[in-house]
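Asker: the following comprises the amino acid sequence and a computationally predicted model.
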Amino acid sequence: MKIIKKILIALLFTLVLIQFYRPEKNDADYRDVAAFEAETKPSEDVAAILKAQCYDCHSNKTAYPWYAEIAPISFWIGHHIEEGNEHFNVSKWNAYNDKKKDHKLDELIEEVEEGEMPLNSYTWMHGAITKEEKEALITWAKKARESYNVK
């Protein structure tokens, strides 16, 4: 029993200590996505879906919920954001060439069609994307891809 008590005290101490170490946050402005939206021309409805379901992990601006301040959740969220930005970051849209832009939109279509995006762990707290929203995103992304005409 004494060993369990020591382990629990050590775990509590560790939990308190990690509260002082925070992952870096995405704190840019939503204007950071302006180039992406200007070029891909989402409708107001699609832009709202992108803001609500995509930009938190796929731009340099994240709206952090209150529980993102609590470790180890903060590390888990930070990892998701970092990984999301590695795969697709709309804030860096101008840095992509046309072939890469086309490819990123193609990946978006594929991930949404297969139900891989948004992640289940995101939708648990932020709400799931509806069938109509999925269809709107896919239709918009297919139309946006046409302008890149990459062969």
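Answerer: Everything's here; your move. Numbers count the residues shown, from 1 in each chain.

Asker: so what's the spatially most central residue of the chain closest to, chain neighbours aside?
Answerer: In the chain, the residue lying closest to the centroid (CA atoms, centre = their mean) is Cys57, at 1.7 Å. Closest residue to Cys57 apart from its sequence neighbours, by CB to CB, 6 or more residues apart in numbering: Gly84 at 3.2 Å. Placement of C-beta: from N, CA and C, glycine included.

Asker: looks to me like that neighbour is in a helix.
Answerer: Yes. Gly84: assigned to a helix according to DSSP: H, G, I helix; E, B strand; the rest coil.

Asker: got a pLDDT number for it?
Answerer: Listed pLDDT for Gly84 reads 88.

Asker: from Lys131, how far out is it?
Answerer: 23 Å (CB to CB, to the nearest Å).

Asker: neighbour count winner among these two?
Answerer: Per other CB atoms under 10 Å, whichever of Gly84 and Lys131 has more neighbours is Gly84, with 22 against 8.

Asker: about what we covered before: secondary structure class for the residue nearest to the centre of the chain?
Answerer: Secondary structure, three-state DSSP: Cys57 is helix.

Asker: which strands and helices sit next to the helix-or-strand element of the chain with minimal mean pLDDT?
Answerer: Least confident helix or strand of the chain, by mean pLDDT, DSSP states H and E, is helix 120-126 with a mean of 77. In terms of contacts (3 or more CB pairs under 8 Å, 6 or more residues apart in numbering; DSSP states H and E), helix 120-126 is packed against helix 44-53, helix 55-58.

Asker: hmm, who's touching the last one?
Answerer: Okay, so that is helix 55-58. 30, 33, 61-63, 80-81, 83-85, 87-90, 118-119, 122, 126 (CB atoms under 8 Å, 6 or more residues apart in numbering).

Asker: same thing but 6 Å
Answerer: Thr62, Ala63, His80, Ile81, Gly84, Phe88, Val90 (CB atoms under 6 Å, 6 or more residues apart in numbering).
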